[in-house]
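Enquirer: Take this sequence and fold it.
(chains A and B)
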Amino acid sequence: MTTTVETPLLAVRDLRVDFAGPHGPVPAVRGVDLTVRRGETLGIVGESGSGKSVTALSVLGLLPHTASLHGSVRLDGRELVGLPGKELAAIRGHRVAMVFQDPLSAFTPVYRIGDQIAEAVRIHQPVDKAAARRRAAELLDLVGIPAPERALDSFPHEFSGGMRQRAMIAMAIANDPDILLADEPTTALDVTIQAQVLDVLRTAQRETGAALVLVSHDLGVIAGMADRVAVMYAGRVVETAGVDELFAAPRHPYTLGLIGAVPRLDGRGGPLVPIPGAPAPMADLPTGCPFAARCPLAEDRCSAAEPELAGDEGHLAACVRSAELAERRPAPAEVFPVPELPAAVGSAAGSGDRGSVAGSGDRGSRAPVLAVSGLGKTFPLLKGTVFKRKVGEVYAVDGVDLDLREGETLGLVGESGSGKSTTLFELLNLAAPETGRIELLGHDAAALSRAEAHRLRAELQIVFQDPMASLDPRMPIGDIVAEPLRAQHAAREEIARRVPELLRQVGLDPDHAARYPHQFSGGQRQRVSIARALAVRPKLLVLDEPVSALDVSIQAGVLNLLQALKAELGLSYLFVSHDLSVIRHLADRVSVMYLGRTVEQGEVSAVFDRPRHPYTRALLSAVPLPDPAAERARDRILLAGDPPSPTERHTGCPFRTRCPVYAGLADPAARTRCEQERPALVGDTPAQDHQAACHYPES
Amino acid sequence: MTTVAAEPTAPPAAPRTTGRGRLVLTRLLSARGAVAGAVLVLLLFALAFGGPYLTPWDYATPDFGALHQPPSAEHWFGTNGIGQDVFAQTVRGLQKSLVIGLLVALFSTVLASLVGACAGYFGGWTDRALMFLVDLLLVFPSFLIITIVSPRLKSTGWIAFVLLLALFNWMITARVVRSMTISLREREFVRAARFMGVRPLRIITRHILPNVASFLIIDATIAVGGAVMSETALSYFGFGVKAPDVSLGTLLAAGTSEAPVFPWLFYFAAGLLVLFVLAVNLIGDGLRDALDPTAGGPRRRRSARRKKP
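Expert: Residues are numbered from 1 along each chain as shown, chains lettered A, B, ... in the order given. Down below sits the predicted model:
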């Protein structure tokens, strides 16, 4: 860290935090040095368990009692560690304020938002109630909450996630703090809402002149927000540098690996670079460099002693070979072993021209695996406890069209509440949909007999988002993988033969069949899920956010596995995700949903390079790129507000409430068309596989 | 994580059965407490059914030469007020109580788990009908019904009595199982099984019940002791086990008042009952740990705990 003449605003020195464990203390943070100067943004990035949140929390002394803290945290030269609670309380919220990850649990549910913000004001400032309330309204206005006077009287549950996070920021800046600590402030939010909230954070920082410490696992967010970045691994800072420097020329192999593991929205497919192995177990750290076990550059001396954070001014790395990396500037793929992907996918992942399976242009000749048209599903809104009566309907899905051919990957994109999951469950129910038509492998779902439906289940398997929740915790994984085979009445010998084969196929050790799910890491559990789905040799695999619960370095491995399996087994994927970068990386075609409707679909490169629907454009511009230069150069389309409630059916275009195109229409007749007429999903030219449901699409 | 093994791989090793059943059994057998409990129960059975051959005395025939005698070489556990041998009575009572306690607990737990899980899993009308039945049985004065019905079932013997006791012992458990099932039903692994085409009853037996097993086992172990005691209450009123036949319950009921003066009338039966319930609890604990993979067994190293990011 640079030594400047002026005292840094916040100086953390040799911070060590241990948590009490059943077998003695477990370190969470092991000697972290950080410096934050006035007005700058420090990004702390790392995977789960790297100690980044604990570091942020220890600044404010907010750790649980089981933690023991050593080292020094100085705010403007004043030592905070060991300060009595009363004095710390005077600093919390006043000079250092915190924005938490989950805004729902960070607000007290029984008090009004306005009262909670006014309370934050009055704790530190001698103002009366009315003045505090005025200040609260000002703050809500500052963070862009519409009708702030009215919002003051709302309860937290009446706000959407994005609004709550804004209110949280308003509360944090209520006393013009010197430092804002934001712990994963956007992780729970959708990408367009994330863009809004990050924008609010920037505004808040500008207005108050506070320094921002942004903790995130998302390299894209860090790249767009931070001035300097500290990368954490196993409770230590392994590299710290200016943001441009760090992304352009990382000097620690871990940073290099992280950058290589992230799928990029603007990048072409190709295999991602997974970091082998799993994060170092904190309870049982090896001597020497904790990353050595996963590091392809490891040498004998790495396991001898843990390298110190060293380097020239402003760019430090804790690696014995950092000088070499600084000089050579290798790409991630040159350092980390990149798995061989079968040829079909290697070329398919390129732009435009798809590989042999998804041949060029003749999509029509391949057998359709899934064809959905006009799918609709409503849920009744019930009221009353004893006698339920229907008071309305939620239009969860209201016009979804999907078209998936053999050997293809169709990406289904949408924010939360857009009806993605409902669509999936409608498909998987294998029953007649409420409205519309579902055709699976040539069978109309409405006309299936029970026996046929049961047989069809073998052709259609699902991988869920959270591998911990989707695997029965009380079943050994061998039984879990065998379950679909048993459901299809496979012979005992067949099961005994298939299970080890499947485990090997997804990269697990067949000898681990007798272990239980909790004995595996997140990525391995997801591999078990995939093995289970593959057991009955399905034709179509439905992947419901299969990597969103995983860390970046693990995610890359699972995505590569999916690509390899698809090429090897000729599978078709219906890949649901909110992460557009992952979709871009993996999918051949993409379908974008908004409020239960398909608004745009087409070939991935067409949709991502030339989006026609304004929603798709906004969605794409909201995705942060893990590249600071590119991130700064982009123009952003910020969508106003939140998606409207699906409890009413909108006439016309459902997107018009947030649509920048609609807002810019001068001609009243043109506006009326958006309000009255529901746009159909049409293409520019029939030959091109790219349709958008907009009256005024970008051509 | 290794990279993908692309080739369809060499023929797998000889098929091994690594199913859950075998794993649970291995874990159960390696749990010292459970094995001790099982041995204890077996010893109790041996005592109950072998005991009568060890003593010349019969449980019903009084020895008028020895009234209220403390334990001696002649009468090992002493005699009661009318000269009956307490050892003979105790082992005779143990026979009844062992069978009644275990079977009632088994039947009521099985019934409760099936009804509760079905009601919770299927929901809708199944749920309403089954819960109506449960509520109905809950408000019925079970004691009264048993007293009315049991004289008519005299000819069918103790098995009818066991069934009757079980029938009025499962409702609360069923309600708890139902509510646990409702929350389990929405879990993704149950949903995954459904989408794989696993039949509902299989889902219940393979996924739901193992996940509520901890509760069921605790409940069953408590039910064992409860069944022995409720049999006592009924016997006291002259239903169930009738004099001169005895059970641990009737012995305890008779001995309680005399315990301060003639402790052997009470403490031998009470001690055996305590031993019995203790053994069942040991087995239950072992079984629960064996079924719950996260319970830290002696052989298992806990996997790295997940930490908050």
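Enquirer: List the buried residues of the host helix or strand of A:V17.
Expert: Using DSSP states H and E, A:V17 sits in strand A:10-21. Applying a neighbour-count criterion of 16 or more other C-beta atoms under 10 Å in any protein chain shown, one finds A:10-12, A:15-19 buried in strand A:10-21. Placement of C-beta: from N, CA and C, glycine included.
Enquirer: partners of it, with directions?
Expert: strand A:24-36 (antiparallel), strand A:67-75 (antiparallel) (DSSP bridges).
Enquirer: what's in contact with the worst-scoring helix or strand of chain B on mean pLDDT?
Expert: In chain B, no helix or strand scores lower on mean pLDDT, DSSP states H and E than helix B:142-149, which sits at a mean of 77. Identification of contacts with helix B:142-149 by C-beta atoms under 8 Å, 6 or more residues apart in numbering or on different chains yields B:164-165, B:167-168, B:233-234, B:237, B:239.
Enquirer: Does B:A227 touch B:N169 like I think?
Expert: Yes. Under the criterion of C-beta atoms under 8 Å, B:A227 makes contact with B:N169 at 6.9 Å.
Enquirer: Name the residues contacting each of these two.
Expert: Taking C-beta under 8 Å, 6+ apart as the criterion, B:A227 and B:N169 both touch B:104, B:108.
Enquirer: sorry, back to before: grab the two from the buried residues of strand A:10-21 that are most spread out in space.
Expert: Farthest pair in the buried residues of strand A:10-21 (C-beta to C-beta) is A:A11 and A:F19. Separation: 23.9 Å.
Enquirer: Report the buried members of the contacts of helix B:142-149.
Expert: Neighbour counting over the contacts of helix B:142-149 (16+ other C-beta under 10 Å) leaves B:164-165, B:167-168, B:234, B:239 as the buried ones.
Enquirer: Report the lowest-confidence entry in those residues.
Expert: Ranked by pLDDT, the buried ones among the contacts of helix B:142-149 bottom out at B:F239, which has 70.
Enquirer: Leaving out sequence neighbours, find the closest residue to that residue.
Expert: Once flanking residues are discounted, B:F239 sits nearest to B:S150: 4.4 Å by C-beta to C-beta, 6 or more residues apart in numbering or on different chains.
Enquirer: Report how many residues lie close to the one you found.
Expert: When neighbours are counted by other C-beta atoms under 10 Å in any protein chain shown, B:S150 registers 18.
Enquirer: Next up, the contacts around it.
Expert: B:160-161, B:164, B:234, B:239-240.
Enquirer: and the two most separated of the buried ones among the contacts of helix B:142-149?
Expert: Counting by C-beta to C-beta, the most remote pair of these is B:L167 and B:F239, 14.3 Å apart.
Enquirer: okay, the strands paired with strand A:10-21 in CSV with mean neighbour count next?
Expert: CSV is the format used below for those (neighbours: other C-beta atoms under 10 Å in any protein chain shown):
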stretch, mean neighbour count
strand A:24-36, 20
strand A:67-75, 17
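Enquirer: closest one to A:P146 among the ones you listed?
Expert: With C-beta to C-beta as the measure, strand A:24-36 is the member of the strands paired with strand A:10-21 nearest A:P146 (33.0 Å).
Enquirer: outside of that closest one, which residues touch it?
Expert: So strand A:24-36 is contacted by A:1-2, A:8-20, A:42, A:44, A:51, A:54-55, A:58, A:67-68, A:71, A:179, A:211, A:213, A:230, A:232, A:234-237, A:240, A:282-283, A:285, A:309, B:307 (C-beta under 8 Å, 6+ apart).
Enquirer: still on that earlier bit, dump the strands paired with strand A:10-21 to TSV, plus mean pLDDT and distance to B:V246.
Expert: Below are the strands paired with strand A:10-21 laid out as TSV (pLDDT from 0 to 100; distance: least, C-beta to C-beta, whole Å):
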stretch	mean pLDDT	distance to B:V246
strand A:24-36	88	56
strand A:67-75	88	61
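Enquirer: wait, which of the buried residues of strand A:10-21 is closest to chain B?
Expert: Taking C-beta to the nearest C-beta as the measure, chain B lies nearest A:F19 of these, at 8.3 Å.
Enquirer: How many residues are close by A:G209?
Expert: A:G209 is flanked by 11 other residues according to other C-beta under 10 Å.
Enquirer: any idea how far A:G51 is from the nearest residue to it once chain neighbours are set aside?
Expert: Excluding the flanking residues, the one nearest A:G209 by C-beta to C-beta, 6+ apart is A:G39, at 5.6 Å. Distance, A:G39 to A:G51, using C-beta to C-beta, to the nearest Å: 26 Å.
Enquirer: Number of residues surrounding whichever residue of the stretch 151-300 of chain A sits closest to chain B?
Expert: The stretch 151-300 of chain A approaches chain B most closely through A:P281 (4.4 Å), counting by C-beta to the nearest C-beta. As a burial measure, A:P281 scores 16 neighbours (other C-beta under 10 Å).
Enquirer: Just after the strand or helix carrying B:A160, pick out the following helix or strand.
Expert: B:A160 is part of helix B:158-167 when elements are defined by DSSP H and E. As assigned by DSSP H and E, the chain's next helix or strand after helix B:158-167 is helix B:171-185.
Enquirer: That next one vs helix B:142-149, what angle?
Expert: Here helix B:171-185 points in a direction 120 degrees away from that of helix B:142-149 (axes from the mean of the first three to the mean of the last three C-alpha atoms, to 10 degrees).
Enquirer: and helix B:171-185, what other elements does it pack with?
Expert: helix B:86-122, helix B:124-139, helix B:209-236 (3 or more C-beta pairs under 8 Å, 6 or more residues apart in numbering or on different chains; DSSP states H and E).
Enquirer: Which neighbouring elements make contact with the last one?
Expert: Based on contacts counted as 3+ C-beta pairs under 8 Å, 6+ apart, the elements that helix B:209-236 packs against are helix B:86-122, helix B:142-149, helix B:158-167, helix B:171-185, helix B:248-256, helix B:264-291.
Enquirer: how about a cut-off of 10 Å?
Expert: helix B:20-30, helix B:86-122, helix B:142-149, helix B:158-167, helix B:171-185, helix B:248-256, helix B:264-291 (3 or more C-beta pairs under 10 Å, 6 or more residues apart in numbering or on different chains; DSSP states H and E).
Enquirer: Mind putting the ones you listed into a markdown table with distance to A:A469?
Expert: As requested, these are exported to a markdown table (distance: least, C-beta to C-beta, whole Å):
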| stretch | distance to A:A469 |
| --- | --- |
| helix B:20-30 | 19 |
| helix B:86-122 | 18 |
| helix B:142-149 | 40 |
| helix B:158-167 | 35 |
| helix B:171-185 | 11 |
| helix B:248-256 | 46 |
| helix B:264-291 | 19 |
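Enquirer: Please name whichever of those is nearest to A:L402.
Expert: helix B:171-185 (27.7 Å).
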